[in-house]
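Asker: predicted model, plus sequence, below.
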Amino acid sequence: MSATLRIDLTAFEENLRAVRDRVAPAETMLVVKDDAYGHGLAPIVSRAWLSGVRWFGAFDVETGVQVRRELGRDARVFSWMVFGAAQTTAAVSADLDIGVGDAATLEEVAAAAQRAGAVARVHLKVDTGLHRNGVRPEDWAVFVDRAVELAARRAIDVVGVWSHIAEASDDEDDAARARYEVAVAQLRARGVAEPLRHLSASAAAFARPQFRYDIVRIGAFCYGIRPAGGPDEQQLGLAPVATLEADVIALENGATRLGVGSCDGLPSTLAGRVHVRTPGGDRRLLGIEDTEALVESWPDAAIGQRVQIFGGGAPSQTDLAEKIDSIGEEIAVRISPLVARCHR
Ligand SMILES: *Cc1c(COP(=O)(O)O)cnc(C)c1O
């Protein structure tokens, strides 16, 4: 009688194909942070692996280790939130590709590798303007020198150079890409001839071929989540993957109660702003309480009927997000882990 998040793995696979066709010959790294954007990590990475994806963007070490466990030793698993001795040690022993964006972490990774008798694969991160994480351009030369030195001692292998961009305006992205190009050239000048280059996420990878380089890191579009205020799913060639469903649990005067609420991750600010898909057609969402939601009724409404809140013919996650100045990813990842995921 409670909410269910249905995950259509066939739609997911078709999105993967659309993304990979679009960005080829660049390789697609499937980003799986936040439990694969709320879609359930294990079934998502398994299906992606079967359909040919070989790179996975795991954000933190814990997620990276989970992906490694699911897929075995041949998957390339990139984690970039790796800090301190415990995490670097775990990352090295799980044979992750490690994103390194500061000098202290570079030392930690090298030390962890030496303790383990391993060579850590690192991707050096330059800050191209987001100021979130990454080595500032003015510190890049020294950072690269140190990385090259550690590589000469076989503590690390410098396999990649990367950054993250805002994807908010073309001008800003162009400026970021120019800084990125300088950083890549500096790395090459110091003898790292063929680093794997990766700069863009969904939006830039789709729209701007010169941003694709060797690998693109794609999350949202693989899950069929379009950008707020951007092109629609059909234009992008993508299909929604997740459908949030809830049962009718009670009938009142002119309203029906559904077994889904803000405790399940549904933002209460959606009340009055969106329609849901009922067996009697689209009906307004009137209110959201802790564990229940109130919807305009329809003829023949009955307890046990299923209603779609997003996906599956109802508005998409991004449609909902746009009503509350948010983004589709936010709607997706907020769905509580206690809501049952049903994959098919
Ligand atoms: C989340 C994330 C991505 C994926 O972004 P999407 O817009 O969902 O494709 C790529 N790179 C980094 C560093 C990220 O944190």
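Answerer: Nice, thanks for sending it over. Numbers count the residues shown, from 1 in each chain.
Asker: and the strands in the stretch 151-300 of the chain?
Answerer: Secondary structure of the stretch 151-300 of the chain, counting by DSSP state E, counting those that start in this stretch: strands at 156-162, 196-198, 215-218, 242-252, 255-258, 275-278, 281-288, 293-296.
Asker: and stretch 336-344, average pLDDT?
Answerer: In this model, stretch 336-344 has a mean pLDDT of 96.
Asker: can you check stretch 234-248 too?
Answerer: 96.
Asker: got the end-to-end distance for that stretch?
Answerer: Its start and end residues considered, stretch 234-248 measures 31 Å (C-alpha to C-alpha, to the nearest Å).
Asker: in that stretch, which residues are buried?
Answerer: By neighbour count on 16 or more other C-beta atoms under 10 Å, the buried set for stretch 234-248 is 236-248. Glycine gets a C-beta too; all of them are placed from N, C-alpha and C.
Asker: tell me how far that stretch is from the chain's mean position?
Answerer: 17 Å (C-alpha atoms, centre = their mean, to the nearest Å).
Asker: excluding residues flanking it in the chain, which one is nearest R73?
Answerer: D95 (6.7 Å; C-beta to C-beta, 6 or more residues apart in numbering).
Asker: name the SS class of the one you found, please.
Answerer: Assigned with DSSP: H, G, I helix; E, B strand; the rest coil, D95 falls in the coil class.
Asker: for A111, same thing?
Answerer: Once three-state DSSP is applied, A111 turns out helix.
Asker: tell me how far it lies from A120.
Answerer: 10 Å (C-beta to C-beta, to the nearest Å).
Asker: between the two, which contacts overlap?
Answerer: Taking C-beta atoms under 8 Å, 6 or more residues apart in numbering as the criterion, A111 and A120 both touch T88, A155.
Asker: which one of those two has more residues nearby?
Answerer: Neighbour tally, A111 and A120, criterion other C-beta atoms under 10 Å: the higher count belongs to A120, 29 against 17.
Asker: now do the strands in the stretch 1-150 of the chain.
Answerer: According to DSSP E, counting those that start in this stretch, the strands that the stretch 1-150 of the chain contains are 4-7, 27-31, 55-60, 76-81, 97-100, 120-125.
Asker: the last one vs strand 76-81, what angle?
Answerer: Read it as strand 120-125. 60 degrees (axes from the mean of the first three to the mean of the last three C-alpha atoms, to 10 degrees).
Asker: now the helices for this structure?
Answerer: 9-23, 33-37, 41-50, 61-71, 84-93, 103-116, 137-152, 170-189, 202-207, 233-236, 317-323, 328-334 (DSSP state H).
Asker: these: which one's closest to the ligand?
Answerer: helix 202-207 (3.3 Å; C-beta to the nearest ligand atom).
Asker: show me what that closest one is packed against.
Answerer: helix 9-23, strand 215-218 (3 or more C-beta pairs under 8 Å, 6 or more residues apart in numbering; DSSP states H and E).
Asker: mind doing that once more with 10 Å?
Answerer: The contact analysis (3 or more C-beta pairs under 10 Å, 6 or more residues apart in numbering; DSSP states H and E) places helix 202-207 against helix 9-23, helix 170-189, strand 215-218, helix 233-236.
Asker: next, the buried residues of the first one.
Answerer: Applying a neighbour-count criterion of 16+ other C-beta under 10 Å, the buried positions in helix 9-23 are L9, A11, F12, E13, E14, N15, L16, A18, V19, R20, R22, V23.
Asker: the longest one too?
Answerer: Residues of helix 170-189 classed as buried by neighbour count (16+ other C-beta under 10 Å): D173, A176, R177, R179, Y180, A183, V184, Q186, L187.
Asker: with stretch 318-338 instead?
Answerer: 318-322, 326-335.
Asker: okay, and for this protein, where does confidence drop off?
Answerer: Applying pLDDT under 70 to the chain flags residues 1.
Asker: so what's the residue count around Q87?
Answerer: For Q87, using other C-beta under 10 Å, the count is 21.
Asker: excluding chain neighbours, what is closest to it?
Answerer: V61 (4.7 Å).
Asker: can you check S51 too?
Answerer: Using C-beta to C-beta, 6+ apart, the closest residue to S51 is E13 (5.0 Å).
Asker: the one you found touches P43, doesn't it?
Answerer: No. Judged on C-beta atoms under 10 Å, E13 makes no contact with P43 at a distance of 11.4 Å.
Asker: quick one, what contacts G64?
Answerer: Contact analysis of G64 by C-beta atoms under 10 Å, 6 or more residues apart in numbering lists 32, 56-58, 75, 77-82, 87, 90-91, 94-98.
Asker: among those residues, name the ones that also lie close to the ligand.
Answerer: Contacts with the ligand within the contacts of G64, as defined by C-beta under 6 Å from any ligand atom: none are present.
Asker: re earlier: just send the helices of the chain back as a markdown table, with distance to S2 too.
Answerer: A markdown table is the format used below for those (distance: least, C-beta to C-beta, whole Å):
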| stretch | distance to S2 |
| --- | --- |
| helix 9-23 | 22 |
| helix 33-37 | 18 |
| helix 41-50 | 20 |
| helix 61-71 | 26 |
| helix 84-93 | 35 |
| helix 103-116 | 42 |
| helix 137-152 | 50 |
| helix 170-189 | 42 |
| helix 202-207 | 31 |
| helix 233-236 | 28 |
| helix 317-323 | 19 |
| helix 328-334 | 16 |
